[in-house]
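Engineer: The following block contains a protein sequence and its predicted model.
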Amino acid sequence: LATGGAVDANVGEAGRRGILEKTHNSSKATSPRSQCGFYFARSTIPGAGNGLFAGRPFEAGDVVTAGDITVAITDFSFHNGGSQADWFFLWDDYTWEADSFTGMMAEATESYGASFGVGASINCLRELTNVEPANFGQLDGAGLHRSRDPGAGAFTHYHDRKGLATEHIPAGMEFFVDYGEGYFYGKEEAYGIPGPDDFAKARAVLEGFQLLRNEFSSNTRNIGASESNSSEDLFELIHQIKHIWFTTALRALPIGSESVDEVLSTSMEKAHYNRSIQSIQWLEENGSCADNLRSRPSRIRQAGRGAFTQRSIPKGETIVPMPLIHLYNRSLLDMYRLEETSDGPVRDMSGPPIHQQLLLNYCFGHADTDILLCPYGGYNGLINHSPTSEQANAKLVWSSKHMLHPEWLDQTIEEWVYEKGSGLAFDVVATRDLDEDEEVFIDYGVEWETAWQDYVNDWTPPPHSEHFKDESDWNQYLAENEKNVDSVKILHVPLVGEKRQQAHATIQDLYCHYLFQEWWGLAEKQNDSEDSETSSPCRAVGRYTKKNKDGEEVTVYSVEILIRDDSTIQSEDEEEDDWNEEPGLEQCTEEVEAVLFGVPSQIFLFSNRPYTRDQAQVWSFRHDMRIPDEIMPLAWRRSNATTVPKTIVECIASTGSPANASDMICSDEGNGVLDS
């Protein structure tokens, strides 16, 4: 259990009545699915939970995971009382910085991305990294517009983030990405993933074990004892130490003593490389195919994108596993009005929340609990709600293969909700035979359906939305109309001092792609490091036409590349008196780095200003999907708790001053508060 692998065999069944009967029994081996690209199964890294494995060989440059969606989480710390507030948000361990995604830096003051597939499903073992994000993903609203579509802002605009093989990956090998050097700081005990120093220390432990084993071998021969048993007992003792004295170095050790000599003859990394490869038969029996779905525009317009089958799936078979990240209270996703102060944005608690994070739409909840269960993994976040019960072709069941902590179904939420790591999982199971290229639908629940219908019936287009053009619209126009002079004159990039069209006068900033700056000799060629810039702020100062090499007239621009500096300017008194707590003046300075002439319109990139995208608008639809009643654990339900230990003040506040004491459901469990 301490390594995240085994599950307590003594977990009781009583509290799971009616729950595990509905758990999907996928323990039987299915027929080998030779076309399965990757599997979801127990990770080969001790303590890492589940991971993704190659279902076939991949070569360097191959796309291994495609179509990943990402949900932007914005100003989370501000809405939850600041960075020093006492809140536990498990998604923090599964998110990526905003600069990993196209345009996310412009979402808000503080942004980061919940990347469901390549970002959250693949584990990190830096020495064996074999997958990397292939791109920054795409950013668009799937053709919906706020002037005509109530679904605008109800789903993420970030999609199609691919995972790319960086080297040859044999069939059955676990995928590994690099989370970055600082990811595991402060998380060693929670996750215990070995690093470079740990492999070196583990090797020293093995060398010491080898010396002791040789000495034991000599002694056991003298007294006639079993040499192999003594060696195994000693190695088992070393493994047991890590449960008492935690160290990530001990987690880098091979599992059995018989492989010590082989490991020392090569390297610790090579030993784990070999251990990271499972047979396809093992993956079929112990895992689930995780690439049965692909992303395409949904057949339900307001849903945006949907999940479509890549191959036929028989009734009763798992379509996709759905591991879950738990949030102890849905209020974590509430959003308030933010007031600017010298210390940054501060939430205004004088009124109720004005909105919720978009992540709420991708989580499961229930009317009888405050907990949220948020899926991650390849493509399961794209599964839409069936508009009619007849169209639902899949259902949720508790997974018997992928739940690391099935005992949580028996326990109250308070007993496990602050645990690190994902411990629960659904399976999405076909309720009938599914053909290839069929969209998958589940039932989000009556409450969700009612809330959506009420929203649609009351919906009216936001004011002035008919003039709104998103950044993706302008960027697409620029790409499509680069050679059409007449069109470009209409959809031209505005020059400095020129009257702008309302569509982008107030919501877009202009940037210039870094690649064009390389071509024009302004910047040195960048490598693909994580620090590489993709664009710079700029402004167009001239526009004219010229003939290209094919003799066609095209519109080109003169462009100023800008350097902007957001800094705090101190007063003279502040420079002399370090103790002065008066805030300085925040000021944005701007200077021209260079001027480029004759550049095409493709150099430009429009980016929405913070808080202007659909998902940031308070009118966008929010509601969690619902856990089906038939699989909702009894222990998690508020209605199941007939007594709740509270003080008399808390009790009256929660019951609304009942007419007599017998109407109160509160109890102080013998502390005498209610008696007095």
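Structural biologist: Thanks, I have it.
Engineer: Need the nearest residue in space to Val493, chain neighbours excluded.
Structural biologist: Nearest non-adjacent residue to Val493, counting by CB to CB, 6 or more residues apart in numbering: Ala540, 4.9 Å away. Quick note: C-beta positions are derived from backbone N, CA and C, even for glycine.
Engineer: The one you found contacts Ile561, correct?
Structural biologist: No. Taking contacts as CB atoms under 8 Å, Ala540 lies outside contact range of Ile561: 11.2 Å.
Engineer: quick one: strands adjacent to whatever helix or strand Ala425 lives in?
Structural biologist: Assigned by DSSP states H and E, Ala425 belongs to strand 424-430. Here strand 424-430 has these sheet partners by DSSP bridges: strand 318-327 (antiparallel), strand 394-398 (antiparallel).
Engineer: Pull the first one out as CSV, backbone CA atoms only.
Structural biologist: It stands for strand 318-327. Extracted as CSV, the C-alpha positions of strand 318-327 are listed here (Å, rounded to 0.1, in the frame of the first residue of the first chain):
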residue,chain,number,x,y,z
THR,A,318,-14.8,-0.6,-21.5
ILE,A,319,-14.7,2.3,-23.9
VAL,A,320,-12.3,4.3,-21.9
PRO,A,321,-11.0,4.3,-18.3
MET,A,322,-11.8,7.4,-16.3
PRO,A,323,-9.4,8.0,-13.4
LEU,A,324,-10.6,10.7,-11.0
ILE,A,325,-9.0,13.6,-9.2
HIS,A,326,-11.0,14.5,-6.0
LEU,A,327,-11.8,18.0,-4.7
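Engineer: pLDDT on it, on average?
Structural biologist: When pLDDT is averaged along strand 318-327, the result is 96.
Engineer: Also the shortest one?
Structural biologist: Over the span of strand 394-398, the pLDDT mean works out to 97.
Engineer: Do you have the helices of the stretch 101-250 of the chain handy? List them.
Structural biologist: Using DSSP state H, counting those that start in this stretch, the helices of the stretch 101-250 of the chain run over 188-191, 196-223, 227-241.
Engineer: which residues of the stretch 551-676 of the chain score low on pLDDT?
Structural biologist: Within the stretch 551-676 of the chain, the ranges that satisfy pLDDT under 70 run 565-588, 641-676.
Engineer: residue ranges for the helices of it, please.
Structural biologist: Per DSSP H, counting those that start in this stretch, the stretch 551-676 of the chain carries helices over the ranges 572-576, 648-655.
Engineer: Relative to Met104, how far out is the residue nearest to Gly153 when sequence neighbours are not counted?
Structural biologist: The shortest distance from Gly153 to any non-neighbouring residue, by CB to CB, 6+ apart, is to Ser620 (2.8 Å). Using CB to CB, to the nearest Å, Ser620 is found at 17 Å from Met104.
Engineer: For stretch 202-210, buried residues please.
Structural biologist: Ala202, Arg203, Val205, Leu206, Phe209 (16 or more other CB atoms under 10 Å).
Engineer: Closest one of those residues to Trp459?
Structural biologist: Trp459 lies nearest to Ala202 out of the buried residues of stretch 202-210, by CB to CB, at 59.5 Å.
Engineer: Do you know the pLDDT at that closest one?
Structural biologist: For Ala202, pLDDT reads 75.
Engineer: I'd guessed it sits against His272; true?
Structural biologist: No. Taking CB under 8 Å as the definition, Ala202 is not a contact partner of His272, at 9.9 Å.
Engineer: For the stretch 251-400 of the chain, just list every one of the strands.
Structural biologist: For the stretch 251-400 of the chain, the strands defined by DSSP state E, counting those that start in this stretch cover 288-289, 293-297, 305-309, 318-327, 334-335, 338-341, 344-347, 355-356, 364-366, 369-375, 384-385, 394-398.
Engineer: other SSEs contacting the first one?
Structural biologist: With contacts taken as 3 or more CB pairs under 8 Å, 6 or more residues apart in numbering; DSSP states H and E, strand 288-289 sits against strand 38-42, strand 318-327.
Engineer: Can I get those in TSV including distance to His355 and mean neighbour count?
Structural biologist: Below are the helices and strands packed on strand 288-289 laid out as TSV (distance: least, CB to CB, whole Å; neighbours: other CB atoms under 10 Å):
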stretch	distance to His355	mean neighbour count
strand 38-42	33	24
strand 318-327	17	25
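Engineer: coming back round to it: my reading is that the residue nearest to Val493 is in a helix; is that accurate?
Structural biologist: No. Ala540 is assigned strand when assessed by DSSP: H, G, I helix; E, B strand; the rest coil, not a helix.
Engineer: Phe88 looks like it's in a helix, true?
Structural biologist: No. Secondary structure of Phe88 (three-state DSSP): coil, not part of a helix.
Engineer: Now do the same contact list for it.
Structural biologist: Contacts for Phe88 (CB atoms under 8 Å, 6 or more residues apart in numbering) come out as Tyr328, Tyr418.
Engineer: again with Ala60
Structural biologist: If you count contacts by CB under 8 Å, 6+ apart, Ala60 has them with Ala165, Thr166, Glu167, His168.
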